[in-house]
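Q: structure for the following, please:
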Amino acid sequence: MTGSPHMATFDWQVFLQDTGGGETYLSWPISAWGRTTLSVALLALIVALLSGSLMGILRQHSVSVVTTTNGGSGYDSHAART
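A: Residues are numbered from 1 along each chain as shown. Sure, this is the predicted structure:
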């Protein structure tokens, strides 16, 4: 079956037509989405790498923020290994 007789067809070539300024209609959304999307993606990558590095550094250095009433740290590394 080649298709429904009631189904509309769309001419996709319209996106490749010249707008009169040497651009195509397809280049408009690509240029707009490209700048915004790439900017946000790059910013998100930088934030993720920086926060991940900071968390990794803090985890490896065993910075004790929580203290117990007896003056020791809240995390007992010997108890965690057994």
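
Q: going forward, measure contacts between C-alpha atoms and count neighbours the same way
A: Will do.

Q: and the longest helix for the chain?
A: Of all the segments of type helix in the chain, defined by DSSP state H, the longest one is helix 27-60.

Q: can you mark which positions in it are buried?
A: Within helix 27-60, no residue counts as buried by 16 or more other C-alpha atoms under 10 Å.

Q: what helices and strands are in contact with it?
A: For helix 27-60, there is no helix or strand it packs on, judged by 3 or more C-alpha pairs under 8 Å, 6 or more residues apart in numbering; DSSP states H and E.

Q: now it: average pLDDT?
A: Mean pLDDT, computed over helix 27-60, is 90.

Q: same thing with stretch 15-22?
A: The model assigns stretch 15-22 a mean pLDDT of 86.

Q: restrict that stretch to CA atoms and write it as PDB.
A: Extracted C-alpha coordinates of stretch 15-22, given in PDB (Å, rounded to 0.1, in the frame of the first residue of the first chain):
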ATOM      1  CA  PHE A  15      13.700  24.200   3.700                       C
ATOM      2  CA  LEU A  16      16.400  24.200   1.100                       C
ATOM      3  CA  GLN A  17      15.000  27.300  -0.800                       C
ATOM      4  CA  ASP A  18      17.000  30.500  -0.700                       C
ATOM      5  CA  THR A  19      15.500  33.200   1.500                       C
ATOM      6  CA  GLY A  20      17.000  35.900  -0.700                       C
ATOM      7  CA  GLY A  21      20.000  36.700   1.400                       C
ATOM      8  CA  GLY A  22      22.100  33.700   0.500                       C
END
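
Q: quick one: contacts of that stretch?
A: Residues outside stretch 15-22 that contact it (C-alpha atoms under 8 Å, 6 or more residues apart in numbering): T24, Y25, L26.

Q: any chance of those in CSV, plus neighbour count and distance to R59?
A: Formatted as CSV, those follow (neighbours: other C-alpha atoms under 10 Å; distance: C-alpha to C-alpha, whole Å):
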residue, neighbour count, distance to R59
T24, 15, 52
Y25, 15, 51
L26, 15, 48
